[in-house]
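In: I would like the atomic coordinates for the input below:
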Amino acid sequence: LLHYLQKKDYLDVACGINHLYPDSLLCKLQRSKKRHGVDIHSSNSTHKKVKYFKGSVYNTGFSENSYDCITINNFMYFWESNPQKLLKMYQELYKLIRKDGTIRIFPVFYGNYYCDNIELYDFLNTHFTIQCLRPIRDYSKESPLYLENQTIKKTDPANGINEKKEKHELKAHVPILRKLS
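Out: Got it, this is the predicted structure:
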């Protein structure tokens, strides 16, 4: 992904503090043309050439065809599983992504990216080609990060142990959607 995104316009949706965390994909892409993060927290800012925008994935306010790649980690399907809200998100993401651009989402539960909803299924399969991958590395074992007094900290590695035990298989799928037109 690092190689693919070099010299591309990139958006990290629901980025949390990724615009501040040096090991995040958002910060590692030094040669990308445009590196943006959007989340509902904080306020608009720039940190080490990464632009962070306060906003909602339902209506970002960004221009059409702005990005070559959009990633969403631990938000869609994790915090939001209502098919109508997911459809609204996908409609906004479709507007933002360029032709042949990709949207990469992690995790998707059992690969059921359409939540058994025919309207969502039809929209996704009409506007995108879809691959569902299982990553080699298990990211669910990593400690969550948080910001305290302008310092990035990690929680105890034991945090999330029950979630990992119960939802490990659920977190193992990454759909990659490529915009058709």
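In: and the biggest strand by length in the chain, which residues are buried?
Out: In the chain, taking DSSP state E as the definition, the longest strand is strand 97-106. Going by neighbour count (16 or more other Cβ atoms under 10 Å), the buried part of strand 97-106 is 97, 101-106. Where C-beta positions appear, they are placed from N, C-alpha and C, glycine not excepted.
In: How far does stretch 92-108 sit from its chain's centre?
Out: 9 Å (Cα atoms, centre = their mean, to the nearest Å).
In: In terms of pLDDT, where does Leu96 sit?
Out: Note on Leu96: pLDDT of 97.
In: meant to ask about Ser66
Out: Reported pLDDT for Ser66: 95.
In: Look up the closest residue to it, ignoring the ones flanking it.
Out: Nearest residue to Ser66 in three dimensions, chain neighbours excluded: Leu96, at 5.3 Å (Cβ to Cβ, 6 or more residues apart in numbering).
In: and that neighbour, how many residues sit next to it?
Out: 22 (other Cβ atoms under 10 Å).
In: thinking it is in contact with Asn59, fair?
Out: No. Counting by Cβ atoms under 8 Å, Asn59 is not a contact partner of Leu96; they are 10.9 Å apart.
In: As a quick check, tell me the outermost residue of this structure.
Out: Asn149 (25.7 Å; Cα atoms, centre = their mean).
In: quick one on the thing from earlier: and the gap between the residue nearest to Ser66 and Tyr21?
Out: As judged by Cβ to Cβ, to the nearest Å, Leu96 and Tyr21 stand 23 Å apart.
In: where along the chain do the helices fall?
Out: 2-5, 25-28, 83-96, 118-127, 161-167 (DSSP state H).
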